[in-house]
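I need the structure of the sequence given here:
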Amino acid sequence: MNAESTQITSSEAAARDYGPLYFESQGRTLFGWLHQPPAAASPRALGLVICNPFGYEALCAHRSLRAFATTAASLGIPALRFDYAGTGDSADTDPSVEQLEIWVRDVVAAVEELRRRCGVEHVCLLGLRLGALIAVLVAARHRVAQSLVLVAPILSGQRYLRELRTTQLAAAMSESSGERPRGSTLEFSGYSLAPATVAHLKELEVISLAQAPAPNILVIDRLDLPQAREWCESLARLGAKTRYDARPGFVEMTLTAPQFTVLPEAMLATFSAWIAEVGAPSGTPKRVTHSELGFLPLPADGQAVGSAARERPVHFGPDASLYGIVTEPARGELRRRAVILLNAGAVYHTGVSRMSVSLARRWAARGYVVLRMDLSSLGESLPRPGRPENEVFPPAAVEDMRAAVEFLRSHYSVGDLAIGGVCSGAYHALRAAVAGLAVDRILMVNPQNFFWEEGMTLTDLQLAEVVRNPVIYRERVFSRAAWRRLLSGQVNIGRIVGVYFHRVRIGFESLARDAARALRIHLRQDLGRELQEVAARGVKIVFIFSRGDPGIELLRIQGGAAVKALGARCRVHIIDGADHTFSHSAPRGVLEQVLSDELFERHSIRSE
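All right, here's what the predicted structure looks like:
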């Protein structure tokens, strides 16, 4: 089958009432999801456009913002969530440009797109954190929205910058954070604001607005640290019909790692009741079929590139329940080589710090087809029947990856195939190779476990904690604060004892595995034997670690002498100055280069 014909299938359409689309803004291609009301819902003349927060907050809130869109659609209100230029799956931008004004215009383009596709008369903007500030700017300047939903809104750009700098400083003080200020660019948690954006934010104070930005405004404040009540009251004095509500759920939605996020049910309930009143039934909005959404070329650098690399959403696997983005090389540049990039934890297919997007577009320029996929229950892939959402180690992960391998080989006729990921993505890449999937290379970045059994949870004592924490405990022996916490009962003594017990146990197990291997005795969960068998099938094995990451010691203990015996068939790289997810741009750039060199089979890189 030609890749050009890949479309959303009827079975997928039955599973979802929303689909992916591309649209244009200022000469750049933006990516979005259009959520449509079910056929039985009462039609309304109101549409919803969702304005994302910035950076790591957007990564964490991805699942919750989808829930807001789904809630609106269930009430008969079509909703569009999308990625600003330079974020998510949208086209890249020059990193030095002023982002805020670009994103304001992107929201205007999204409003126009929703009106064009769905025929709605009125539009509501829903913004979270910086997205709320952007929504206010759009409504105040362009008068394209009749209502606003502002969740934990940023009211002062200056104060927001102080919050970001506090986060940056805290990260810089943590061990191996890799966070460093770089000129006047503000970089934190793997994302950056350009100097011009920082300067613009310093001047922004929405509390000084002379008129209400929209006739109807709902403010959902964070219950733990409410800040917007007085501003909401001032909007009412300016003539807006306002409602203010402080609800729980902000921290769990926005400031919690993606694998631990919890949907903000109280906020969703407030939103649902309010928008049902604002969007009273009227009119007959146009319903868009999935085939109308179409696929457009995605410029790799924000410029029109004609026949250069293209990106397209794909659904594959059982009942088309799995989702991914394929980045294709320019026509005529296809080398019949492909890469599958997996989720890191519960981070969706853009990857931590948007690294999967960067790698996919970089490798497509070298002729590779790259599939950034979501395993079942993660990102935009549906859970398998009977399974919960947000499973980092879904039991059917190998079958998900098998479906991805078959999809690439059948649609693109690829010969050479690599699979890789960060943290849990590295674990799954190894499991794919051990299971005998037809892969030629596995690229594993900072794996922190090599075996996972169903029934385990992320809160259980992990082996990475066993190998890392004794070092931390020794460093804290002379810390008064640590002793105060211990004596006050704030420290889990049982967990510490468990760490030391398991540390001794796995040391003995490592010696036993080496001896068993020498005697050709197969033991359960023998990483060294697994690596030997994978290498014997001709699969190239690559490990890349941040210096000091516990996965290094775990590989030494569980892999034993087998790792060194594999020689060039199993290469291990160590990168200095990086944290676990390579959140700082400098070591992340080194990582991307090492991965590229390994993928392109340039073996001059020094290994350790």
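
where do the helices sit along the stretch 301-450 of the chain?
In order along the chain, the stretch 301-450 of the chain carries the following helices (DSSP state H, counting those that start in this stretch): 355-364, 397-412, 424-434.

how far off centre is the last one?
Pointing back at helix 424-434 there. Taking CA atoms, centre = their mean, to the nearest Å, one finds the center of helix 424-434 at 19 Å from the center of the full chain.

go on, the shortest one?
The offset between the C-alpha centroid of helix 355-364 and the centroid of the whole chain comes to 14 Å, using CA atoms, centre = their mean.

domain ranges for this structure?
When the chain is parsed with automatic domain parsing, its domains come out as 17-155+205-278, 307-460+523-599.

Ser413 touches Arg336, doesn't it?
Yes: contact criterion CB atoms under 8 Å: Ser413 and Arg336 qualify, at 6.1 Å. Bear in mind the C-beta positions are built from the backbone N, C-alpha and C, glycine included.

contact partners for the spatially closest residue to Gln158 that is not a sequence neighbour?
Taking CB to CB, 6 or more residues apart in numbering as the measure, Gln158 lies nearest to Lys202, with 5.4 Å between them; neighbours along the chain are not counted. When contacts are counted by CB atoms under 8 Å, 6 or more residues apart in numbering, Lys202 touches Gly157, Gln158, Leu161.

same check, this time on Met267
Here Met267 is in contact with Val151, Ile220, Arg247, Pro248, Gly249, Phe250, Met253 (CB under 8 Å, 6+ apart).

same thing with Pro37?
Here Pro37 is in contact with Asp17, Pro43, Arg44, Ala73, Ser74, Leu75, Gly76, Ile77, Pro78, Pro285, Arg287 (criterion: CB under 8 Å, 6+ apart).

assign it to helix, strand or coil.
Three-state call for Pro37 (DSSP: H, G, I helix; E, B strand; the rest coil): coil.

next, it: phi, psi?
phi -60, psi 150 (degrees, to the nearest 10).

Arg312 versus that one, what's the distance?
When distance is defined by CB to CB, to the nearest Å, Pro37 is 26 Å away from Arg312.

mind listing residues that contact stretch 388-407?
The contact list for stretch 388-407, computed with CB under 8 Å, 6+ apart, reads 63, 258-259, 261, 314, 316-318, 322, 324, 340, 342-343, 345-346, 371, 373, 375-378, 381, 383-384, 387, 417, 419, 424, 427-428, 431-432, 435, 437-439, 452, 454, 456, 458.

can I have the buried ones of the residues you listed as a ChimeraX selection?
Only the buried members of those end up in this ChimeraX selection, burial being decided by 16 or more other CB atoms under 10 Å:
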select :63,258,259,261,314,316,317,322,324,340,342,343,345,346,371,373,375,376,377,378,381,383,384,417,419,424,427,428,431,432,437,439,452
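
just the contacts of stretch 388-407: which are in strands?
The strands in this structure, assigned by DSSP state E, contain Val314, Phe316, Leu322, Gly324, Ile340, Leu371, Met373, Leu417, Ile419 from these.

closest to His522 out of the residues you listed?
For these, the closest approach to His522 (CB to CB) belongs to Ile419, at 25.0 Å.

which residues touch the residue lying closest to the closest one once chain neighbours are set aside?
In space, not counting the residues next to it along the chain, Ile419 is nearest to Ile340; the distance is 4.4 Å by CB to CB, 6+ apart. Under the criterion of CB under 8 Å, 6+ apart, the contact partners of Ile340 comprise Val370, Leu371, Met373, Met401, Ala404, Val405, Leu408, Leu417, Ala418, Ile419, Gly420, Val439.

which residues touch the third one?
Looking back up the chat, that one is Met373. Counting by CB under 8 Å, 6+ apart, Met373 has contacts Leu322, Tyr323, Gly324, Ile340, Leu341, Leu342, Asn343, His349, Ser381, Asp400, Ala404.

and it, how close does it get to Thr327?
According to CB to CB, Met373 stands 12 Å off from Thr327.

ok, now the fifth one?
Separation of Ala404 from Thr327 (CB to CB) stands at 14 Å.

can you check the first one too?
The spacing between Val370 and Thr327, counted by CB to CB, is 5 Å.

any common contacting residues for the two?
Between them, Val370 and Thr327 share the contacting residues Ala360, Trp363, Ala364, judged by CB under 8 Å, 6+ apart.

picking that back up, from the contacts of Lys202, which land in helices?
Using DSSP state H, the subset of these located in helices is Gly157, Gln158, Leu161.

just the buried residues of the residues you listed.
With neighbours counted using 16+ other CB under 10 Å, the ones in helices among the contacts of Lys202 contain these buried positions: Gly157, Leu161.

got CSV for the ones in helices among the contacts of Lys202, with distance to Cys124 too?
Converted to CSV, the ones in helices among the contacts of Lys202 look like this (distance: CB to CB, whole Å):
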residue, distance to Cys124
Gly157, 23
Gln158, 28
Leu161, 28
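
wait, which of the ones in helices among the contacts of Lys202 is closest to Ile275?
Among the ones in helices among the contacts of Lys202, and counting by CB to CB, the member closest to Ile275 is Gly157, at 27.4 Å.

residue ranges with poor pLDDT in the stretch 251-400 of the chain?
Counting by pLDDT under 70, the ranges of the stretch 251-400 of the chain that qualify are 281-308, 332-334.

could you pull out the helices for the stretch 1-150 of the chain?
Defined through DSSP H, counting those that start in this stretch, the helices belonging to the stretch 1-150 of the chain, from first to last, are 10-15, 56-74, 99-118, 130-142.

deepest-packed of the ones you listed, please.
Highest mean neighbour count of the helices of the stretch 1-150 of the chain: helix 130-142, a mean of 23 (counted as mean count of other CB atoms under 10 Å).
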